[in-house]
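>>> Predicted model follows, preceded by the sequence.
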Amino acid sequence: MRGSELAQLITEEGIVCVTDACRAVLARLREEITKGGLEENALGMAVSGICDAVVAQVRRDLHYSLKPVINAAGVILHTNLGRAPLAPTAIEHIQQTATYYSNLEFDIAEGERGKRDVHVDRFFRKLLVAEREPSTIVVNNNAAAVLLALNTLAEGGEVIVSRGELVEIGGSFRIPDVMTKSGAVLREVGTTNRTRIRDYESAINEKTRLLLRVHRSNFEIHGFTEQPKIGDLVELGRARNIPVIEDLGSGALLDLRQFGVQGEPDVLASLRAGVDVVTYSGDKLLGGPQAGILSGRKDLIARMRSNSLFRALRVDKLTYAALEATLLAFVKGDHDAIPALRMMRISNVEISARAEALTKAVGTRELKIDLVDGESIIGGGAAPSAILPTRLIALTHQRHSADELAGHLRNCDPPIIARVEDGRVLLDLRTVFPEQDMEVAKALNSFAH
Ligand SMILES: *Cc1c(COP(=O)(O)O)cnc(C)c1O
């Protein structure tokens, strides 16, 4: 046996891992011998290959499971692929503040205990300038934000919600279930397609604690529909002294119409319309880390902060660092620094040019490559009908089906995630980082002949 190779492996990876790997490899070999499945020749080969097998086993054991993939599916906020990729400044800020100690909960000027919210609250106040200056707190995700809001403001009482808004968002977030967990009672009003302000009005009783509006996020209702304007809900809430909460979900911090994306409400517009508290995700249209954000009336946010549930749902310094850096980009108006927003704005011309350059770098013996018009999707339950025109690379292979080809692409290092449609594999470079284009070309070349 090549002892020196194993000795080096032990130096690099530690004796424990190498011993484990040796045991696993030898156990497999013993099992095969016992089963009598190995001829003399094969046995000799297996024995001489033990060292390589141990090295391979160690590599497999010590591989990270969580790893980067190339998103060529054209879904910008792909929940299965980690939603928003972080801005480089967010990564730097995490690295700086997490490598050393930080002032996470320390007031440096006073030399005493501080609050972790202050690091982001000041930026939210700059970004969300409304008639009433809002307070903001951050929890683990938007599901947690909704839970905290309902539990704090409505436990033991009733919350009025339109039947057209009793939604399920991917990953089993269901409004009726969250309501139950919060200890509040759901009071449904209206119908699936039509709910009027009168429906809310007549459901109000002495147990009513909140009026809740939920953004439908991942679907739209068309046709014979009606939903009260948010302003009407606010007016009703104020007249009856009942807070109005809006679960926005995607939580755009800017008006996306400037990017050509219609129909997605932004946080500021809701606050300006008079909504008392809005809840939204940090890793959807905000383009930051996973988080749930609650912005709104100071007295209500203060009650949520002092709820013990807030302590259980709070986020760590890594999240604050990433969120602070992402918000700073918004404050500076540097939207291109945020990958998810930049991807939304890449022009079709730019994507076409990259797609052409990429396909030129690929051989076409067995691979047929076409460029076709298509659409990218925002994803993350945001603007489901927004259309971002794109140019797709469409692939067919002489010997492999589209599903097989997509499987081969997933087996690449890094894995490439594509769409399969009408018997073709489709690659959308909108969600591929430009520095990954040639990695995709390299992978395609390995199937070209
Ligand atoms: C996405 C979404 C949620 C869940 O948010 P997470 O951050 O994934 O927990 C809740 N409500 C709405 C309306 C959403 O769009």
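Structure's in. What do you need? Numbering: from 1, shown residues only.
>>> mind checking pLDDT for the nearest residue to Leu166 once chain neighbours are set aside?
If the residues on either side of it in the chain are set aside, Leu166 comes closest to Ile175, at 5.0 Å by Cβ to Cβ, 6 or more residues apart in numbering. For the C-beta atoms, the positions are set from N, CA and C on the backbone; glycine is no exception. Here the pLDDT value assigned to Ile175 is 93.
>>> Give the next helix or strand downstream of the lengthiest strand in the chain.
The longest strand of the chain (DSSP state E) is strand 367-379. Sequence order places strand 388-397 as the next helix or strand after strand 367-379, per DSSP states H and E.
>>> And for that next one, what's in contact with it?
Contacts to strand 388-397, defined as Cβ atoms under 8 Å, 6 or more residues apart in numbering, come from residues 74, 260-261, 344, 348, 351-352, 355, 358-359, 366-378, 402, 404-405, 423-430, 444, 447.
>>> Now a PyMOL select for only the buried ones of those residues.
For the buried members of the contacts of strand 388-397, the matching PyMOL selection, counting by 16 or more other Cβ atoms under 10 Å, is:
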select buried, resi 74+261+344+351+355+358+359+367+369+374+376+377+378+402+405+424+425+426+427+428+429+430+444+447
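>>> Could you export stretch 274-287 as CSV, CA atoms only?
Extracted in CSV, the C-alpha atoms of stretch 274-287 (Å, rounded to 0.1, in the frame of the first residue of the first chain):
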residue,chain,number,x,y,z
GLY,A,274,-51.7,54.6,6.5
VAL,A,275,-51.2,50.9,7.2
ASP,A,276,-50.1,50.5,10.8
VAL,A,277,-47.6,47.7,10.4
VAL,A,278,-46.3,46.0,7.3
THR,A,279,-44.4,42.6,7.3
TYR,A,280,-42.1,41.5,4.5
SER,A,281,-39.1,39.3,3.7
GLY,A,282,-35.5,40.3,3.6
ASP,A,283,-34.5,37.9,0.8
LYS,A,284,-37.2,38.6,-1.8
LEU,A,285,-37.3,42.0,-3.6
LEU,A,286,-35.2,43.6,-0.9
GLY,A,287,-32.4,41.4,-2.2
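>>> rewinding a little: what about the longest strand of the chain and the ligand, any contact?
No - Strand 367-379 lies out of reach of the ligand by Cβ under 6 Å from any ligand atom, never closer than 10.4 Å.
>>> what packs against that strand?
strand 75-77, helix 348-360, strand 388-397, strand 424-428, helix 437-448 (3 or more Cβ pairs under 8 Å, 6 or more residues apart in numbering; DSSP states H and E).
>>> and these as JSON lines, adding distance to the ligand and mean pLDDT?
Formatted as JSON lines, the helices and strands packed on strand 367-379 follow (distance: least, Cβ to the nearest ligand atom, whole Å; pLDDT from 0 to 100):
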{"stretch": "strand 75-77", "distance to the ligand": "9", "mean pLDDT": "96"}
{"stretch": "helix 348-360", "distance to the ligand": "27", "mean pLDDT": "97"}
{"stretch": "strand 388-397", "distance to the ligand": "19", "mean pLDDT": "96"}
{"stretch": "strand 424-428", "distance to the ligand": "22", "mean pLDDT": "98"}
{"stretch": "helix 437-448", "distance to the ligand": "29", "mean pLDDT": "92"}
